[in-house]
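Student: Using only what follows, build the 3D model:
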Amino acid sequence: MRRAAAWCRALVSLATFGSMRWGELAALRRHNVDLEARTVRIEASVSEMRTGELVTGRPRTDAGVRVVTLQEVVMGDLEWHLQRFSEEKPDGLVFVGEQGAQLRRSNFSKIWAKAIKQAGLPAIHIHDLCHTGNTRAAMTGASLKELMTCMGHSSTKAAVIYLHAAKDRDQVIADALGEIFKEGLKPKGEAVGGDASTLTPVD
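Tutor: Numbers count the residues shown, from 1 in each chain. As a prediction, the model looks like this:
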């Protein structure tokens, strides 16, 4: 189980902080990764047919083809993964199954379920990680256009949802800061009471 957790660490990091979809992760190749520039180029996606066949093609929209810049810690996870688990050839797949075959959602779901249970977390899907990352990105102050680029969306609809979520969070933070400010304004002893003579005038 420890090996499984190590094996999927980089995949989880990219899904969360790179807003990468399952099909994009399954299609990612070594030549798409630039460790020095801290970028990952997304230009393909894998779909699993009802017959079980895996079909690789371009993302559904032009906006899906994008370059994602990632944090140093995430690139560190990715570099560690490339050295141990990825296919070795220059155009090799970054993520493969535990037996070295092309990644399948059905196989990964079993590993993911075990990891979630071991961590004591509620049942969440791999796609939920994208929602987490998008919400956090919105909270940093990212613009609508920046969120759309990161998510690979051509429509503003989804990005606006995350901006609203961030706005709600901003209000919570502002209210909390307001309580701290009000606490700081409360008189502390006689020196800060209503006696104006104890105050130092400002020129």
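Student: so what pLDDT did the closest residue in space to Lys89 that isn't next to it in sequence get?
Tutor: Ranked by C-beta to C-beta, 6 or more residues apart in numbering and with sequence neighbours excluded, the top spatial neighbour of Lys89 is Arg30, at 7.5 Å. For the C-beta atoms, the positions are set from N, CA and C on the backbone; glycine is no exception. Per-residue confidence at Arg30 stands at 96 (pLDDT).
Student: Likewise for the one 10 residues further on?
Tutor: Reading off the per-residue confidence, Val40 sits at a pLDDT of 92.
Student: for the residue nearest to Lys89, phi and psi?
Tutor: phi -50, psi -40 (degrees, to the nearest 10).
Student: do Glu72 as well
Tutor: Listed backbone geometry of Glu72 is phi -60, psi -40, with angles given as degrees, to the nearest 10.
Student: likewise Met75?
Tutor: phi -70, psi -30.
Student: give me every residue that touches the residue nearest to it when sequence neighbours are not counted.
Tutor: Nearest residue to Met75 in three dimensions, chain neighbours excluded: Arg38, at 5.0 Å (C-beta to C-beta, 6+ apart). For Arg38, the residues meeting the contact criterion (C-beta atoms under 8 Å, 6 or more residues apart in numbering) are Thr69, Leu70, Gln71, Glu72, Met75.
Student: Would you confirm that Ser13 contacts Met75?
Tutor: No: using C-beta atoms under 8 Å, Ser13 is not in contact with Met75; the gap is 9.0 Å.
Student: what touches both of those two?
Tutor: In contact with both Ser13 and Met75: no residue, using C-beta under 8 Å, 6+ apart.
Student: hang on, the earlier thing: my guess is the residue nearest to Lys89 contacts Phe95. True?
Tutor: No: under the criterion of C-beta under 8 Å, Arg30 makes no contact with Phe95, lying 10.9 Å away.
Student: Common neighbours of those two, please.
Tutor: Common contacts of Arg30 and Phe95, defined by C-beta under 8 Å, 6+ apart, comprise Ser86.
Student: So for those two, which sits in the more crowded spot?
Tutor: Under the criterion of other C-beta atoms under 10 Å, the comparison of Arg30 against Phe95 puts Phe95 first, with 21 against 15.
Student: Contact partners for the more buried one?
Tutor: Phe95 is in contact with Ala10, Leu11, Leu25, Ala26, Leu28, His81, Phe85, Ser86, Leu103, counting by C-beta under 8 Å, 6+ apart.
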